[in-house]
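K.L.:
Give the three-dimensional model of this entry:
(chains A, B, C and D)
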Protein chains: 2
Amino acid sequence: MYLDFTQGPGQGPGLNRQSGAAAGIGDQLDLLATHAPSSRRLIHAGERLYHAVDRFDRLYIVGTGMCKTVEVSEDGREQVVAVHFKGDWMGLGGIAAGYYGCDAIAMATGEVWSVRYKELIDAGSRTPALLSALHLAMSRELLRKRASMMALCTLPADARVADFLRYWADALAERGLRTDQITLRMTRAEIGNYLGMTLESVSRALSRLARGDVIRFSEKGRRDIEIPEVGALTKFIQRSMTPAGAAVH
Amino acid sequence: MYLDFTQGPGQGPGLNRQSGAAAGIGDQLDLLATHAPSSRRLIHAGERLYHAVDRFDRLYIVGTGMCKTVEVSEDGREQVVAVHFKGDWMGLGGIAAGYYGCDAIAMATGEVWSVRYKELIDAGSRTPALLSALHLAMSRELLRKRASMMALCTLPADARVADFLRYWADALAERGLRTDQITLRMTRAEIGNYLGMTLESVSRALSRLARGDVIRFSEKGRRDIEIPEVGALTKFIQRSMTPAGAAVH
DNA sequence: CGATGTCTTGAGCTCTGTCAACGGGCGTGG
DNA sequence: CCACGCCCGTTGACAGAGCTCAAGACATCG
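P.N.:
As a prediction, the model looks like this:
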């Protein structure tokens, strides 16, 4: 899926597989552990990794679990700007800003790795694969944000929710996990905030998706969602585009 | 404004100034010309630099003029995902995707530089400042997209337009250009597409901003907009947030 | 000068936000 | 153990922001 044009004959192992975005996830951490002075840290849901105002210093990588990053604008508007799964890097905006600009908050118990940016760059001159990993991570986040903007700008509320579920399922699939049963670790309010709509709209959208048999609510709770067929989400999104066919009811 | 934590004692000149985002813009091009096998190309408005489906190969940098990048999703939705001013890099999403994923189109006559990504990386091992420039560019685009998402998710239509104008003015200011008189090189439809609204809403928003004396239409045409006071845009945005005071009329 | 594309403005309608009521899960404390 | 409060989620009724459709004014270009 993702091609790595940076591979050269002399490069170390890792990051050379081409079997998906997650190809280098394990390798990334190996690389860091082996070639750069990285550190690990256990985290629990709700715990904050760094504050928006903190001076930029380290980059963080989700080892296990998942995190969200939340931005607060000067005039107090607050927004979830990203959800980070295993292998995703965090804090990349700090490179240019000098401070993080977002709060990073764990959404589940897990482990997070981190490296000093400066030391990563130094190590990168010896181990180019480290730089490749960094570039891939940044580029991937760019792609993700592009997709988010596309959804925000062109999809109606219901389809945005469907798109969000598809994204979540894809993220799990890329990491070799089941996608027929996902656990959203966010409240409706958080999802709505991320998707630019209210919690009520999220709730209604999910209800409609369930009524249309695109998803099913698990017995375990309303945050556990069964997706028998991820393709059905895509179909739903496309249907909501055509001027003719909306309304699944 | 933007701090560069990568500066080391041994680094070459350039990218070490701290006088704003544009600090390294001239230097970037110097760097490329001196240390990497880059090439230049003249472009005219409407000309396409690369196609979304093209295999990723080179990164592009706006030397003079400006460009937009347009994404087309599989199901045919089309969206302007970014506007690129002097010094902005383009094609960064291709690093992870393997293809560009966007069309890049010139919006004015100008000059665009480009480097093979692979060769840039190679040169970067000899000239670390090149890598710093790349990282800064990527990080900056991440910040920009974050800001876009924030606007899309939390601002009403009028304020999004105001935010867009402010962004444009700031971009000019960072490059040492006048901001009291800007020329939008986009149709209302393009602006609306970029901001997630219709061309009519853009038109109405601009009319309201003009009525509220936040902007003025130039005699030269409706795409030339005078902004006597950039701060007024910010005030307008904040006013549209407070539940009490909206309505400038 | 007509043709085309762009911009503005109005009128009506729809989607989604707002406000409100209600139910369920969970932890705390009596 | 149950009662209570709190947070989360769902659903309904309503209102309003923004979209759709339509008409007309301008500008540009052949």
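K.L.:
from here on, contacts and neighbour counts on C-alpha atoms
P.N.:
Will do.
K.L.:
Chain neighbours aside, what residue packs nearest to A:Tyr117?
P.N.:
A:Arg58 (5.1 Å; CA to CA, 6 or more residues apart in numbering or on different chains).
K.L.:
Just give me the neighbour total for that neighbour.
P.N.:
Around A:Arg58 there are 22 other residues, counting by other CA atoms under 10 Å in any protein chain shown.
K.L.:
what's the answer for A:Glu141, then?
P.N.:
22.
K.L.:
Same check on A:Arg41?
P.N.:
A:Arg41: 11 neighbours (other CA under 10 Å).
K.L.:
ok, it - contacts?
P.N.:
A:Glu111, A:Val112, A:Trp113 (CA atoms under 8 Å, 6 or more residues apart in numbering or on different chains).
K.L.:
and the helix or strand the last one falls within, what other elements does it pack with?
P.N.:
The reference is to A:Trp113. Using DSSP states H and E, A:Trp113 sits within strand A:110-116. Packing contacts for strand A:110-116, counted by 3 or more CA pairs under 8 Å, 6 or more residues apart in numbering or on different chains; DSSP states H and E, involve strand A:38-43, strand A:58-64.
K.L.:
out of those strands, deepest packed?
P.N.:
When you average the neighbours per residue for each of these (mean count of other CA atoms under 10 Å in any protein chain shown), strand A:58-64 leads with a mean of 22.
K.L.:
Walk me through which strands it pairs with, and which way each runs.
P.N.:
strand A:89-90 (antiparallel), strand A:110-116 (antiparallel) (DSSP bridges).
K.L.:
I'd like the ones you listed written out as JSON lines, with mean pLDDT, distance to B:Leu131 and mean neighbour count added.
P.N.:
JSON lines is the format used below for the strands paired with strand A:58-64 (pLDDT from 0 to 100; distance: least, CA to CA, whole Å; neighbours: other CA atoms under 10 Å in any protein chain shown):
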{"stretch": "strand A:89-90", "mean pLDDT": "98", "distance to B:Leu131": "18", "mean neighbour count": "26"}
{"stretch": "strand A:110-116", "mean pLDDT": "96", "distance to B:Leu131": "16", "mean neighbour count": "20"}
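K.L.:
State the distance from A:Ala137 to chain B.
P.N.:
8 Å (CA to the nearest CA, to the nearest Å).
K.L.:
Can you name the helix or strand that that residue falls in?
P.N.:
helix A:128-154.
K.L.:
Which other helices and strands does that helix contact?
P.N.:
Helix A:128-154 packs on helix A:25-35, helix A:117-126, helix A:157-174, strand B:78-84, helix B:94-97, helix B:128-154, helix B:188-195, going by 3+ CA pairs under 8 Å, 6+ apart.
K.L.:
among the ones you listed, which is the most enclosed?
P.N.:
helix B:94-97 (a mean of 26).
K.L.:
returning to that earlier point: export the helices and strands packed on strand A:110-116 as CSV, with columns for mean pLDDT.
P.N.:
CSV is the format used below for those (pLDDT from 0 to 100):
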stretch, mean pLDDT
strand A:38-43, 94
strand A:58-64, 97
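K.L.:
Looking at these, spot the one closest to DNA strand D.
P.N.:
Smallest distance to DNA strand D across these (CA to the nearest atom of the strand): 19.1 Å, for strand A:38-43.
K.L.:
Can you list the strands that the closest one pairs with?
P.N.:
In its sheet, and by DSSP bridges, strand A:38-43 pairs with strand A:110-116 (antiparallel).
K.L.:
Give me the angle between the partner strand and helix A:117-126.
P.N.:
Put simply, strand A:110-116 runs at 80 degrees to helix A:117-126, going by axes from the mean of the first three to the mean of the last three CA atoms, to 10 degrees.
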